[in-house]
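Colleague: Could you look at this predicted model? Sequence included:
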Amino acid sequence: MFAALLDRLPKTATAPFCPAEVRGAVAVPEGLPAWKRMLRVAGPGLLVSVGYMDPGNWATDIEAGSRYGTSLLFVVVLSSLAAIVLQILSMRLGLVTGKDLARMSRDRFGPRTVKVQWLLAELAIIACDIAEVLGSALAFKLLLGVPLWGGVLLTALDTVIVLGLKGKGFRQLEAIILGLISTIGACFLVQLVLAPPNAAEVARGLAPSLDALKQGNALYLAIGILGATIMPHNLYLHSSIVQTRLTPADAPGKRAAIRLSTIDTVVSLLLALLINAAILVLAASAFHGSGLTEVAGIEEAQKLLAPVTGGALAGVLFAIALFASGQSSTFTGTIAGQVILEGFLDLKIPCWQRRLITRTLAIVAALIGVLTLGEHSVGKLLVLTQVVLSAQLPFAIWPLLRFTDDKTLMGPFANGWVTKLVAWLLFVVISAANVWLVASAFSG
């Protein structure tokens, strides 16, 4: 069913799902009706959107909703809009130049700078994978009753799944991701029905408010939401996977491809925004509205959903959505890691080997954290992974803005002055926010 939604196109040769091996695998002929061309272009934005609804986002959204109700909902919205702007720039870079952000950095910067960029990007991938391991492990614990360390070990099975996808087309992977995202969305829709929010409160939360940021720890949480929302590896990923679509090389063809891919990006990230907003609104409705304002952990949230909603279904759906979130992020993290490795170092290894290396490092780190800090350490460890991601983010945004501003590189598709102003303002705000977040995490 999901494949049919994404893939009304002729059969193409199957290939490993790493994007470098399937560039141009999906043809987008100019003579097709607009809706058919849109269906063929759709997909890369969906894969990118996964990074905006991973377990790291859950931690900040749940705490914000339980402590402050819907008053920080506008932060989720504004962070998502900033992410849309940056992802569109990443997509344009890939379509116009035919190179991803990592490869472009290798071409434009010195070897020492490239190695530093690669190391930071790899740390971000591992940090993201640790969050996925923790999220999936907690889902195993909630669904199967295994100890958290046992759930961490069970996440090693995802390497087998990645190996099983070898030889599958890129569209099949996109269909799987669509299925997982649909599962997350459906679970939260049912939970919101079981714990209906106050529409007036939701509307008030959408309005930006400086007063809302003055509440207790609200500013720290708002910056945490920003840091958890925009993922550095997604900027590398998006600039690569848009090249799986075979589009005309002339200026009108590129312009049409950018227009369709922009729609794909905006729609996909708006879907991620809705899911993130649903997490915060659910926490606000189920916990804050019931006087439970100290719910800060994912496991604690799942346990309290049942008594608040009057049944066990909400808690089970919560755990299923958490598992789908961690698993979908696993697939895109694998592809992003491959893009970074090939782009910065021109080093190619099979996707399953890449997955095995990254997942092993993440499992070891997660096990050390869980065994050292205890079964209830998931929230603290998730926050730590977001701090690592936040610290790396400016190093991905800066080259992206430099490249997309360059008229000799982008030609007529270079950023205009309005885009430059907005993008560089975002860079300053995001960098300052992330520096503050990192400093606060280490000082506190």
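Modeller: Perfect, thanks for sending it. These numbers come from a predicted model, not from an experiment. Numbers count the residues shown, from 1 in each chain.

Colleague: Send me stretch 210-224 as PDB with only the CA atoms.
Modeller: Provided in PDB are the C-alpha atoms of stretch 210-224 (Å, rounded to 0.1, in the frame of the first residue of the first chain):
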ATOM      1  CA  LEU A 210       8.500  36.300  25.600                       C
ATOM      2  CA  ASP A 211       6.600  35.900  28.800                       C
ATOM      3  CA  ALA A 212       6.400  32.200  28.200                       C
ATOM      4  CA  LEU A 213      10.100  32.000  28.000                       C
ATOM      5  CA  LYS A 214      10.500  33.700  31.500                       C
ATOM      6  CA  GLN A 215       8.800  30.800  33.300                       C
ATOM      7  CA  GLY A 216      11.200  28.800  35.400                       C
ATOM      8  CA  ASN A 217      13.400  26.600  33.200                       C
ATOM      9  CA  ALA A 218      11.400  27.500  30.000                       C
ATOM     10  CA  LEU A 219      14.200  29.200  28.200                       C
ATOM     11  CA  TYR A 220      16.500  26.200  28.600                       C
ATOM     12  CA  LEU A 221      13.800  23.900  27.400                       C
ATOM     13  CA  ALA A 222      13.100  26.100  24.400                       C
ATOM     14  CA  ILE A 223      16.700  26.100  23.400                       C
ATOM     15  CA  GLY A 224      16.700  22.300  23.900                       C
END
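
Colleague: Would you mark the buried spots in that stretch?
Modeller: Within stretch 210-224, the residues that qualify as buried are 212, 213, 218, 219, 220, 221, 222, 223, 224, counting by 16 or more other CB atoms under 10 Å. The C-beta positions use only the backbone N, C-alpha and C, and glycine is treated the same way.

Colleague: among those residues, which two are most distant?
Modeller: Greatest spatial distance among the buried residues of stretch 210-224 (CB to CB): 212 and 224, at 14.6 Å.

Colleague: returning to that earlier point: what would the buried residues of stretch 210-224 look like in TSV with distance to residue 346 and secondary structure?
Modeller: Output for the buried residues of stretch 210-224, formatted as TSV (distance: CB to CB, whole Å; DSSP: H, G, I helix; E, B strand; the rest coil):
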residue	distance to residue 346	secondary structure
212	48	helix
213	45	helix
218	45	helix
219	43	helix
220	41	helix
221	41	helix
222	40	helix
223	36	helix
224	36	helix
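
Colleague: will you turn the residues you listed into a markdown table that also has distance to residue 138 and pLDDT?
Modeller: Formatted as a markdown table, the buried residues of stretch 210-224 follow (distance: CB to CB, whole Å; pLDDT from 0 to 100):
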| residue | distance to residue 138 | pLDDT |
| --- | --- | --- |
| 212 | 29 | 82 |
| 213 | 29 | 81 |
| 218 | 26 | 79 |
| 219 | 27 | 79 |
| 220 | 23 | 75 |
| 221 | 20 | 77 |
| 222 | 24 | 80 |
| 223 | 24 | 76 |
| 224 | 19 | 72 |
